[in-house]
Structure formats: C-alpha cells, structure tokens
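> Provided below for reference: sequence and predicted model.
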Protein chains: 4
Amino acid sequence: MDTYSERIDLALEATELASKRMGGQIPGIHTETRSDEGVTITKIKVLDEEGSRAIGKMKGHYITIEVPGLRKKDSELQNKVATKLAKEFEQLLVDIRIEPTAKILVVGLGNWNVTPDALGPIVVENMMVTRHFFELMPNQVQEGYREVSAVAPGVLGITGIETSEIVQGIVEKSKPDVVIAIDALASMALDRVNTTIQIADTGIHPGSGIGNKRKGLNKETLGVPCIAIGVPTVVYASTIVNNSIQMAINHFKNQTENTEFIFGALDKMTDQERLNLVREVLNPMGHDLLVTPKEIDEFIEDIANIIANGLNASLHEAVDTDNVAAYTH
Amino acid sequence: MDTYSERIDLALEATELASKRMGGQIPGIHTETRSDEGVTITKIKVLDEEGSRAIGKMKGHYITIEVPGLRKKDSELQNKVATKLAKEFEQLLVDIRIEPTAKILVVGLGNWNVTPDALGPIVVENMMVTRHFFELMPNQVQEGYREVSAVAPGVLGITGIETSEIVQGIVEKSKPDVVIAIDALASMALDRVNTTIQIADTGIHPGSGIGNKRKGLNKETLGVPCIAIGVPTVVYASTIVNNSIQMAINHFKNQTENTEFIFGALDKMTDQERLNLVREVLNPMGHDLLVTPKEIDEFIEDIANIIANGLNASLHEAVDTDNVAAYTH
Amino acid sequence: MDTYSERIDLALEATELASKRMGGQIPGIHTETRSDEGVTITKIKVLDEEGSRAIGKMKGHYITIEVPGLRKKDSELQNKVATKLAKEFEQLLVDIRIEPTAKILVVGLGNWNVTPDALGPIVVENMMVTRHFFELMPNQVQEGYREVSAVAPGVLGITGIETSEIVQGIVEKSKPDVVIAIDALASMALDRVNTTIQIADTGIHPGSGIGNKRKGLNKETLGVPCIAIGVPTVVYASTIVNNSIQMAINHFKNQTENTEFIFGALDKMTDQERLNLVREVLNPMGHDLLVTPKEIDEFIEDIANIIANGLNASLHEAVDTDNVAAYTH
Amino acid sequence: MDTYSERIDLALEATELASKRMGGQIPGIHTETRSDEGVTITKIKVLDEEGSRAIGKMKGHYITIEVPGLRKKDSELQNKVATKLAKEFEQLLVDIRIEPTAKILVVGLGNWNVTPDALGPIVVENMMVTRHFFELMPNQVQEGYREVSAVAPGVLGITGIETSEIVQGIVEKSKPDVVIAIDALASMALDRVNTTIQIADTGIHPGSGIGNKRKGLNKETLGVPCIAIGVPTVVYASTIVNNSIQMAINHFKNQTENTEFIFGALDKMTDQERLNLVREVLNPMGHDLLVTPKEIDEFIEDIANIIANGLNASLHEAVDTDNVAAYTH
C-alpha cells in the first residue's frame, strides 16, 4: 500500500476539502443533506468528469451516514441506524436499477486478527446467506428471500494472493449479479472513526481502504456492479495533528483578526502544505502511525452488526426493516 | 453432510477394520510402520482397485503420524513431531514427483468459530506465504523459497457457496501447481483425537471430514494434485460406545474363555452390527452427538502449529527442519 | 480434582439413580415437576438427613430447568427460558427469605480459555453491575435497582490460589449479603449437556463441577448464603458408554424377556458395577476423557446469555422479565 | 477516572518535562542511562521530597526499558528484551531487599475485552504459578522455585468493586510478601506506545494507568511492597498534537532563528499552555480520544509475553534467563 496516497476514502471529506479550496459550489457535484434524530445522511452525486476530477472520486452515488452518538453504546440508536441504512440501501438498489431478484455476493475485506481491520469479516459472519438453499432445494425456498452469499477472502499478507484475484475467482464460479464489498477505511478526522458509514456504487478503487487492494473491486475488475460499504476505523496521526491545527486556527479566527500572531506562517499554509510539514516532522521518527480509538473492539462489533442487520433487511423482503436485529446474532 | 456416512476418515482405521474382517493381510494394500521416541508413523499404500475396495479408500499414499504424548502439553515433543512431519512431507513430494519449485496453495478448510473445526484456518494463519513477493518483485526473492499462498475459504453455512467452488475459482486465478488441503476429521477412537495426523496424496473426497465438502477437493475437481492433511478432532458418541464394548470384550477375552457369559450376543456381533445397535439406541434420543475433548482449545492451537511449522520447513528449503518454530508465531 | 469422584453434580440425576435403586419414592426427598412449551422444571427439596444421604446432596432446594430444544439455535426459546429462569430465581429468593434489597455478588467460576469451562466468566461479563454506583453516588441510583457486583476469580492452575480463598477475600472486603456462584458441571448424560440449568441454594461443595473448588463455596466457607447456578457442559466418555449400554438394555427389555441373551452379565450388573467395568477398560488406555459437543462455542455463549439475562431481570426490579435481553449484549 | 489528570504515567517523561522546565539538572533526582543493541535502559531514582515534587512521582526507583525496534515483529529482539527485563528485575529485588524466597502475587490489572487494556490479564495467563504446589505438597517442590500466584481482578465497570478492594481481599487471604502489579499506561508520545516498559518500586498511585484504580495499589493500601510494571499502550490525541507542534518547532529551530515567524505565539507558549490550547479545541468536539496503533492486537501479545518471560526467569532461579521463552506459551 502506498502509505501516503493522497486518496481520501470518504467522498464527504473529499467534497468538503474541494469546496473549501474552490470556495463553495463544485461543478459536477450534487450534494444533499438530511439530519434526523442524531443521524445525518449526505448524498453526493458525482455527475461528470469535471466533478470527478474536482473531488478525486469516480462518477457515481456516495451516501454517507454520520452518527456521532454511536460512540456511546446505545442499542436503540444502533437499531435506528440499521433501519436507516436498510432504507438507503434499498433506495440505492432501485436508483441504480438492480433487480429485486438480483443475486448478491457480500465480500468482507480485511483481516480477522487486526481489530480495526476486522469489519468486513465480522459483517460476513452475520449475513443471512441463502444461496445454498437456492442451489440445493430451489423449490423449497420461501417467498421474500433472494440469493445471498458471503465470503471473507483474507488479506495479501496472509494469503499471498491479491484479494481482487480471489474475489474474481469466486465471482466467476458463483456468478452473482452484484457484489457488495465491506471495508474498513482511513478517515481524515478522528471523530468520524466508527461513527460514519459510506455507501458507494462505484466499488473499491486502487489505494483506498486500510488494507491492500491494489487492483480494486469494481465493475471493470469483476464484470458485475460492485457497491462498497466502508467505515473509517483508523486515522493517521499526521491528519489528527493537521486537523487540530486547522481547528485551532478556526477557533481563534472567531475571536480575533490576528491569528497570524498566534499561528505564524501555519495560518497561511494550504491544508496540504501543512500536512506535508507535519509528516516531514513525524515520519522519520516513527510517529506517524495509523491509530484507532482505545475502545475499538466494542465499536467494531457494534458497527458490523448495524451493517449486517441493515443489509439483511434490505436484501430480503421477508426480513422486516423494523426489527432487523432478530435475524442476526 | 450425510451424518452417518459409513466413510472412515483415517485410512489407518479403515485398514485395521478391513484387516480384522479379512483376517490379516489385505490384497492390494501395502503397510509399513515405524515407531521412534513416542511417534509411530504408518505408511499405507493402496496399490490397486482391489485394495481400494477393501478399505474404501482411493488408490494412493496415506501417511499416519500417531503421537499419543501430544495430549500432554510438551513443547519439545511438538517440535519433534513438526520435524518428522516436515521430513515425511518432503519425501512424499519426491515420491509423487512434485517439483521442488512447484507452486503451492494451502487451503484451510473449516470454520473459525467452531473450535474443533478451526484447524484449517489456524494453519493458514501460520503459513509462511511468499507468492506475493514472487509476483511483485520476482528478482528480489531469496534463494531457498518457493511460491506459497494460503486461503481459508470458510464453510457452506457461512458463505452459502460450496467450498469446492470457491477453491476452484481461486485455483483458476492463482494457478498453483499443487493444493494442500488442511481439514479436521472425525475419528472412530477418542484416543486418536488431536494426537494423529494423516497425510494423503488423494485429496479430499465427498463425505469425509467434519464440515461440508460434498464435491471434494482433488485432482478431478481442481485440475492439479491435491494433498490432504487431516487431524481427527471429533468422534461420534456412538463410536465411543461401540469401541468401548469391543475393548471390554477383548479385555476379558484375555482372562476367560466365556466372554459370551458376560457380553451375551454383543460378543457375537460384527463391529458394524454392534455400531448399528448403538446408533439405534442413541440416535432417536439425541444422544449421538459429535464430541471433542474438553481441552480442545489448547489442543487445536498446538496441532495447527505443528502442521504449519512442518509445512513451512518442508516447502521452503531455506527453512531449517531443525528449528521450524522460529519462523511462525 | 478427584477425577473419579462419585459425586453427581445434578441433583436430578442423583435422585433418578436413587429412585431406581430404591424402587420409587425416596424418604426425605420431595419432588415436583412441571412441563410447559418444551421446558421442564423439576423442584427437588432435600428435607432431612435421610434424604441427603439417599441422594448424596445437602439439605436444600434444587431447581432443574431442562430444555432439550436449546440445542437448536432458537432465540425465541432462549428468551423464554431466560424469563422462566428469572421467575424461578425470584421465587427461590422469596422462599429462602433473601430480602429484595440484599446485596448480591455473582461469582463466575471457571477458565476463560477452556471453552466448556468459560460459562462463569461469560455470565459475569454480561451481568448488570451496580455496586459502584451505590458506593460512589448513593443518592443518584434510580429506584428498582439493587447492589450487584460480579467477579471471575480464575482457576487454581492459572492463579495458584484456591478459588474459595480468593472469593472469601473478596466477600470480606465487598460485604455482599448473598453470593451467586455460576459454574460449569459434568453430567452423566450427553443429552443434558448445555440443555439443563440447575439452581441450588446449598452453594458449591467440594468435588463438584469441572474445575477445582476443593473447599467449596457455601454458607460455611463464605459466611453468607450461596446460591449455585450450574450447567452441565461436559460428560465423561465412560458415562456415555455406561448410559448407552443401560439404554440398550432398556430398549430391548421392551421387546423381549431375554435381554440376558443379548447382554450377558452386563444385564445383571448394577449401574455402578457396570460403570466401574467401563472405566477399568477405558482408563488405562487414555480413553476416558471429559468430552463436550462439537458446537460448544455457540452453546456456551447462548446459555451464558440466558443465565445473565435471567439474573439481571430477577435481581433488578426495574428490569422487566418480559424483555430481559435488551439490557445485556 | 479523571480523564484529564495532569499525572504522567512514565517517570521518564515526567523527568524530561521537568528537566526542560528547570533547565537541566533536577535536585533530588538521580538519572542513569545505558544503551545496548537497540535497548535503552534509564534508571531514575527519586531521592527525596524535593525530587518527588519536581517530577510528580513518589520517592523510589523507576527503571524504563525503551526498545523502538519492538514495533517490528522480531522474535530475537523480544527474547533479548525479556532477558534484560529479567536481569533488571532481579537486581531491583536485591536493591530493595526483597528476599529470594519472598512469596509473590502478580496482579494483572485491566480488561480482557479492551485490547489495549488487556496487558495485565495476558501476563497473568503466562505466569508460571507455583503457590498451589507449595500449599498442597510442600515437600515435593523442586529447588529453584519460589511461591508465585497471579490474579486478574477485572475492572470496576465489569465487577462493580474497586480493584484495590479485590486485591486487598486476595492479599489478606493468600499472604504474599510482595505484589507485582502489571498495568497498561497512557504515554505522552505515540512512539513510546508498546515499545517502553517501566518498572517502579512505588506501586500504583491514584490516577495513573488507563483503567480505574482510584485507591492505588501500594504498600499503604496493601500492607506489603508493590512493584508496578507498566507499558504505555494508548496516548491522548491532544498529546499527539501537542508533541507534534513541539517537534515541528524544534525541527525548524535547527534551520532558522525565526521560528516565531512560522509558529507565531505557539512558539512562545509553555508545553502546558499549548496542551491546554489543544484540548480546548479538541475536547468539546469529541476529538480528544485515547488512541492506540492499529496493530495493537499483535503488539499487546508480544509485550505481554516479554514481561511474563522476564518475570518467570527472574522469580524462579531454576528458570534460565537465557531461554525464558521455553517456559511459557
């Protein structure tokens, strides 16, 4: 992995940065935000090449669900988020013309043994898979279910095989109509870690995520549409530092004209210049680690359950979005 | 899985049964046993169709390593077994004409979350994989290593896809020359559980093992040779009962002519008749479970490490069979 | 641990054996059974010394909840059992005059790292503990909660200290009014493993359970009443064999007079004679292991949750027995 | 826990800060540093009240072992550090006049289920405990071993009881001569996380560590000497930011006189003023989390093994410091 890829995993963060840089409206980008009961849903449409270049993201739909309250263990809120995720996902399937009977393969990327990278495998474990019933006794499958399968292909360091190759092999044999790839991401902001879910119909492109997926998982590599669901679970120390300096400058801008007095040239630098400066300092000393909150074990379980519950409800008509939790453990 | 398949996973057990039934020598079967420092190695060659029918096993090589002492946590013995496994495996590769440069894919069958079925995935985690180095920087790989990759494809109940289909897909993409499949087996004897390792160059055939592999993993399904390494980790309650009655009868046969007095008609039954009787009694009452020793968590870790260490040493020339443990964790 | 203690952990099993031996009614023992929706609850009262000698159990109340259906993962049934457990436990507290405000210490016996012995520690993890709130902000604790604390003291092999000494030390410092000790037990019947819960107001006495508790946890050793909750999670191979022979004899008794023809002298032996014979055969060959069903990982999680949910509902008035699951994870 | 206690867990960090503030030599503090093969050992003696006030640490010995290379998985280096730890610990026992036969209780503080807080429980699991052999068969214990016991008392949120109360109860019952408390700490520098071990003969005082130990574990609370072994496993986001700004200022100080030009007033602030500023910004937005490196699962296993191996070698004469790893798993 190119450790310092300038890629930004969340389209929302990329759009915010571009908007700051370009002073507001970005051509080729359509954004829409709703907030309700502690849940903010932002839909970003990248309409054309111009928009794509502006934010460094492929043409397509990006849905971001932000729920700061997820940091406090609150099982009612978790159920609510699962329900909202289910509804957004169902709508997305309609919008991009995925048939209600389309066969789904859920791919849980990441490494079981590295807690902040275990999101994908945990979601896979909690998916309601049905493909084998359709294969073995097609006449006995009840109404309201569709063919769903799920795999956790592992990571390059453990398998020695590109993840995309493994998934391609499984897709060719099991012939799903759509792939849903679940992945842990890196965020630029510590407070988004484990509180934000991104759904993107563009799949996974080289360089994104916290694992190694150099060839990407998308329509080009897999031959079928790929929807990516990602949650930022880690952040670079350097981005924490950079964001904090930015926040500090903004904080004082509200109080005084003369932030230059306090922050010197830091105040005049662009975000990227400042980030480079911070990395120049941290990196040679081994200080620029990817970090995750201390409570990651519990966070990752909770958010994996939300995603599995939400997907189970949206993929199987027979599973009620009002009570998704009963179908998983 | 056909829960009461009459298949016997260990060739050694099948041969013992056939030998008892046929009174000694079995045509078409060649057997050779060596014991040394608490380790008994039995090599069974199934030479032809006649031998194959007699013991219900495919033509090929079956190497069984029995180490009753593995039940006592003894790290010196564990290292010794890993070394012996490495040597036997190397010799087998020579015997069946696998090139020293042949590319290997290790497939760890079974389920992470069911301790006695987690053997395969734990071995995969401890394999020294190198394929990605050969792919990414072929000129920089040191002498003495060969291309090894490793995957844990999961089980049908979690993936919804036949394991053999997943492995076929991965084989087609990653193109290994040989597959090594690691699997947990069922034994007919409680004392063989976690103390016996079987290596077979015939791959895995439908109905064997404790998971669901209905289509098998072998040269026919994969297109490349498949060597299976199995360890019995579970046993049916009914076989415990049946074996105990047999042992009791034998026990008293040494002391008295009149075992019929003690055991009645049980003494006259064939092994299979008695097993059927036991199942007839246990099964309807839900008593015929697959069971495993209480200490399974520790046993499975230990034997998975032995296998991974042994394989790493035999696959990579640069890894010394005298100190295999240093290369894994 | 005395591996072949003749102690029988379940009062229900001890009573059945005594009843068979004594031909029905046992003086000093009062038994009462109710079955409802797949759940059988048996209340055994050991009334006096005579009853105590007859079944080898202390004077007191023994409640056994048998739910064969627990073996099939059924979350509705699990909730039902938790609710029934809560009601039985509440009633027991009333019967033995434990005040509704009595302070409770839950002690989870057993070993984290040995799955069938991890019942106690998992229950502890899921208890709703409140003692620290009462200590730190006594005026702010809401109505409907009482003081509950919970510890998992570990096992002798890991701590080097008798578990009873550790618990005594904690009881002296934290001063609970009642101790509830959770423990994994050995059963005499494989089908009772993970499907049976025993509640006993007599605490834990030397020799019981699958771990090492040589000094017991009871009113004598702790100075406060001790209620034991136990679940059989393991069974000796020898008892599986012995029970199976007994079942086989019974099975054929229904069909023929002449079971002696089939079973020889086995038919005439007492249960204990036959068990001794089985052990004589199995033991020297290392065949008499404590075994557990293959699915133990999932079973132990499920039954630990049932117990924690049931206890949380019965100990805190504010927690509703109709929906106990919402309070734990 | 007072989340923003101004306490600094590592005496080394406290001394560095004080030294910077006071311009070099600190009265009442004696410091000595040795570096060898990638391992730096610093011994700080707090000699009197003046030294104690200067660095905010109790009178006593503080040994810090820094090994930046531990971040790269290197099992040879790990063994070397275990050996050095063993030697330092043995010497400390001599220096503070702990008899070679003194009975030891190892207390593993922290929470099994929160990876960066699981250091203590993992060390406990790997200790070679012997107390039960001395209790049960005192005449049969071999030469070269002493009485060692070990407990993991849990954390307040799970037990509802102050950890110090639990430990006091166990100390009163099991009567050790010395307590060794293992704990995860918070560091002020991300690069010290999981690469630094501190040994202190002053025990644990209120407010230190990442768990809740409000009453401390020390000679006053326990009645016997308490040696604390701690490893920083987490760091506040705010300290990462603050340290980075400080490093950036230092970085440029080497290149230019005019750091004020770049950093404005930040350059003139004291460390504490700047830290307060950073917290003022981060805290209200939920950005000031305790974070840990992404690879924490592996790090914590490795360093817990180093500590257990080192302690086993230093506590039991029969265990050789040259090959400590063989005695644990």
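Yes, it's here.

> the residue positioned nearest the centre of chain A: what's it in contact with?
When chain A is reduced to its mean C-alpha position, the nearest residue by C-alpha atoms, centre = their mean turns out to be residue A:230, at 1.8 Å. Shown in contact with residue A:230 (C-beta atoms under 8 Å, 6 or more residues apart in numbering or on different chains): A:9-10, A:182-185, A:197-198, A:200, A:208-209. In this view, the C-beta of every residue, glycine as well, is placed from N, C-alpha and C.

> now do residue A:283
Neighbours of residue A:283 in contact, by C-beta under 8 Å, 6+ apart: residue A:238.

> need the contact list for the residue of the stretch 101-250 of chain A found nearest chain C.
Closest contact between the stretch 101-250 of chain A and chain C, by C-beta to the nearest C-beta, is at residue A:125 (11.9 Å). Residue A:125 is in contact with A:108, A:152, A:308, B:113, B:158, counting by C-beta under 8 Å, 6+ apart.

> report the buried members of these.
Using 16 or more other C-beta atoms under 10 Å in any protein chain shown as the burial test, the contacts of residue A:125 include A:108, A:152, A:308, B:158 as buried.

> could those residues go into TSV alongside distance to chain D, secondary structure and pLDDT?
Output for these, formatted as TSV (distance: C-beta to the nearest C-beta, whole Å; DSSP: H, G, I helix; E, B strand; the rest coil; pLDDT from 0 to 100):
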residue	distance to chain D	secondary structure	pLDDT
A:108	18	strand	97
A:152	17	coil	97
A:308	20	helix	97
B:158	22	helix	94
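
> nearest residue to residue A:102 in space, please, no chain neighbours.
With C-beta to C-beta, 6 or more residues apart in numbering or on different chains as the criterion, residue A:102 has its nearest non-adjacent residue at 3.9 Å, and that residue is residue A:177.

> run a quick neighbour tally on that neighbour.
By the criterion of other C-beta atoms under 10 Å in any protein chain shown, residue A:177 has 15 neighbours.

> show me where the stretch 51-200 of chain A dips below the pLDDT cut-off.
Along the stretch 51-200 of chain A, the model assigns pLDDT under 70 to no residue.

> what about the strands in the stretch 1-150 of chain A?
Listed in chain order, the strands of the stretch 1-150 of chain A (DSSP state E, counting those that start in this stretch) span A:29-36, A:39-46, A:60-66, A:104-108, A:148-151.

> pick out the residue of the stretch 1-150 of chain A closest to chain C.
For the stretch 1-150 of chain A, C-beta to the nearest C-beta, closest residue to chain C: residue A:75, 6.8 Å.

> residues near that residue, how many?
Using other C-beta under 10 Å, residue A:75 has 15 neighbouring residues.

> and it, how far from residue A:306?
The gap separating residue A:75 from residue A:306 is 10 Å, by C-beta to C-beta, to the nearest Å.

> repeat for residue A:162
Here the criterion is C-beta to C-beta. By it, residue A:162 lies 29 Å from residue A:306.

> between the two, tell me which one has more neighbours.
residue A:306 (28 against 21).

> wait, is the more buried one part of a helix?
Yes. Counting by DSSP: H, G, I helix; E, B strand; the rest coil, residue A:306 falls inside a helix.

> per-residue confidence at it?
pLDDT recorded at residue A:306 is 96.

> repeat for residue A:208
pLDDT recorded at residue A:208 is 59.

> how many neighbours does the residue of chain A found nearest chain D have?
Among all residues of chain A, residue A:264 sits closest to chain D, at 3.4 Å; criterion: C-beta to the nearest C-beta. Neighbour count for residue A:264, taken as other C-beta under 10 Å: 21.

> what of the one 5 residues further on?
As a burial measure, the neighbour count of residue A:269 was computed by other C-beta under 10 Å and equals 19.

> again, but for residue A:198
Residue A:198 has 25 neighbouring residues, counting by other C-beta under 10 Å.

> test my guess that it contacts residue A:12.
Yes. Contact criterion C-beta atoms under 8 Å: residue A:198 and residue A:12 qualify, at 7.2 Å.

> what do the two both touch?
Shared contacts of residue A:198 and residue A:12, defined by C-beta under 8 Å, 6+ apart, are found at A:62, A:64.

> near chain D, which residues of the stretch 51-200 of chain A show up?
Contact residues (C-beta under 8 Å from any C-beta of the partner chain) of the stretch 51-200 of chain A with chain D: A:68, A:71, A:113-117, A:189-191.

> what is the most widely separated pair among the residues you listed?
The span of these, defined through C-beta to C-beta, is set by A:68 and A:113 at 28.9 Å.

> quick one: which of the contacts of residue A:230 is most hemmed in?
In terms of neighbour count, residue A:184 stands highest of the contacts of residue A:230 at 30 neighbours, by other C-beta under 10 Å.

> just grab the bridge partners of it for me.
Here residue A:184 sits in beta bridges with residue A:231, going by DSSP bridges.

> shouldn't it be in contact with residue A:119?
Yes. With contact defined as C-beta under 8 Å, residue A:184 counts as touching residue A:119 (4.5 Å).

> look up how far residue B:39 lies from residue A:245.
Between residue A:245 and residue B:39 the computed distance is 64 Å (C-beta to C-beta).

> please say which of these two ends up with more neighbours.
Higher neighbour count among residue A:245 and residue B:39: residue A:245, with 26 against 19, using other C-beta under 10 Å.

> pretty sure the more buried one contacts residue A:265?
No. Residue A:245 lies out of contact with residue A:265 (C-beta under 8 Å); the separation is 11.6 Å.

> returning to that earlier point: just checking, the residue nearest to residue A:102 touches residue A:99?
Yes. In terms of C-beta under 8 Å, residue A:177 counts as a neighbour of residue A:99; the distance is 7.3 Å.

> for the residue nearest to residue A:319 when sequence neighbours are not counted, grab the count of nearby residues.
Of all residues not flanking residue A:319 in the chain, residue A:313 sits nearest, at 4.9 Å (C-beta to C-beta, 6+ apart). Taking other C-beta under 10 Å as the neighbour definition, residue A:313 ends up with a count of 27.

> any idea which element residue A:313 lies in?
Assessed by DSSP states H and E, residue A:313 sits inside helix A:296-315.

> report the buried residues of stretch A:135-151.
Within stretch A:135-151, the residues that qualify as buried are A:135, A:145-151, counting by 16+ other C-beta under 10 Å.

> where along the stretch 101-250 of chain A do the helices fall?
With helices called from DSSP state H, counting those that start in this stretch, the stretch 101-250 of chain A shows them at A:119-125, A:131-136, A:156-159, A:163-174, A:219-222, A:237-253.

> now the last one against helix D:237-253, angle please.
With axes from the mean of the first three to the mean of the last three C-alpha atoms, to 10 degrees defining the directions, helix A:237-253 sits at 90 degrees from helix D:237-253.

> which strands or helices does helix A:237-253 pack on?
With contacts defined as 3 or more C-beta pairs under 8 Å, 6 or more residues apart in numbering or on different chains; DSSP states H and E, the packing partners of helix A:237-253 are helix A:259-263, helix A:271-282, strand A:290-293, helix D:237-253, helix D:271-282.

> point out the most buried one among the ones you listed.
strand A:290-293 (a mean of 26; mean count of other C-beta atoms under 10 Å in any protein chain shown).

> partner strands of that strand and their direction?
Strands that pair with strand A:290-293, judged by DSSP bridges, come out as strand A:226-236 (antiparallel), strand D:290-293 (antiparallel).

> what residues does it touch?
Residues from elsewhere that reach strand A:290-293, judged by C-beta under 8 Å, 6+ apart: A:115-116, A:186, A:190, A:193-194, A:210, A:233-237, A:240, A:299, D:190, D:235, D:240, D:289-294, D:296.

> run the last query once more with 7 Å
Applying C-beta atoms under 7 Å, 6 or more residues apart in numbering or on different chains, the external contacts of strand A:290-293 come out as A:116, A:186, A:193-194, A:210, A:233-237, A:299, D:289-294.
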